[in-house]
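*Asks:* Show me the folded form of this:
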Amino acid sequence: AWLDEGFKARLLQDARAAAAEIGISTSNPNAPTQLTVVANDADTHNLVVCTLCSCYPAALLGPSPAWYKSRSYRARAVRAPRALLREAFGLELPLGVALRVHDSTADLRYLVLPERPEGTDGMGEAELAKLVGRDAMIGVARG
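*Replies:* Down below sits the predicted model:
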């Protein structure tokens with residue numbers, strides 16, 4: 001998405017269809033699941049949580065981390081997300097950056113498209129892919 005603005009637009013509009021274009025299935029094997037991708041930028045940071053249980057796109061990101069399932073993470077992500085990011089993950093967001101919290105459900109999963117890091121203009125897809133990890137796609141890391 002960092003290299004192809006058209007794909008990025010399709011990903012943000014219909015993540016399931018965009019993922020299918022590159023051979024990735026986004027559905028939960030137990031039930032149809034909608035996937036929504038939200039983008040970080042200089043003015044907005046997105047954080048994903050499942051307040052009811054631990055709904056997580058395991059098919060895309062692998063097994064969920066233990067902290068994602070914890071009551072502490074789930075509660076603090078909603079009540080005090082900036083404090084959670086700072087204290088648990090060392091991520092200090094500038095006050096001018098809007099923080100949006102997205103609550104995943106069994107039927108709807110969220111992924112974050114991280115902001116492209118500065119200084120990566122000459123990098124190709126393989127190099128850029130190494131810069132994106134699970135934590136950034138959940139929103140507990142910036143990139």
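
*Asks:* Any stretches of the chain with poor pLDDT?
*Replies:* 28-31 (pLDDT under 70).

*Asks:* Would you map the helices across it?
*Replies:* 5-13, 15-21, 58-61, 66-69, 71-79, 81-89, 125-129, 134-138 (DSSP state H).

*Asks:* Pick the most buried one from the ones you listed.
*Replies:* Highest mean neighbour count of the helices of the chain: helix 134-138, a mean of 20 (counted as mean count of other C-beta atoms under 10 Å). Any C-beta I mention is one placed from the backbone N, CA and C, and that applies to glycine too.

*Asks:* which other residues reach that helix?
*Replies:* 47-48, 60-62, 65, 68, 89, 111-114, 141-143 (C-beta atoms under 8 Å, 6 or more residues apart in numbering).

*Asks:* make it 10 Å
*Replies:* The contact list for helix 134-138 (C-beta atoms under 10 Å, 6 or more residues apart in numbering) reads 37, 40, 46-49, 56-57, 60-65, 67-68, 77, 89, 91, 102, 104, 110-115, 117, 140-143.

*Asks:* and if you look at stretch 15-22?
*Replies:* Here stretch 15-22 makes contact (C-beta under 10 Å, 6+ apart) with 1, 6-12, 14, 24-27, 32-38, 57, 60, 109-111, 113.

*Asks:* Nearest residue to Asn40 in space, please, no chain neighbours.
*Replies:* Glu115 (4.5 Å; C-beta to C-beta, 6 or more residues apart in numbering).

*Asks:* now the one you found: how far from Cys55?
*Replies:* 24 Å (C-beta to C-beta, to the nearest Å).

*Asks:* Comparing those two, which residue is more hemmed in?
*Replies:* Comparing Glu115 with Cys55 by neighbour count (other C-beta atoms under 10 Å), the higher total belongs to Cys55, at 22 against 17.

*Asks:* and that one, what are its phi and psi?
*Replies:* phi -60, psi 130 (degrees, to the nearest 10).

*Asks:* any idea how far Leu131 is from Pro114?
*Replies:* For Leu131, the distance to Pro114 - C-beta to C-beta - is 8 Å.

*Asks:* what's the overlap in contacts for those two?
*Replies:* 2, 143.

*Asks:* With neighbour numbers in mind, choose between these two.
*Replies:* Pro114 (23 against 14).
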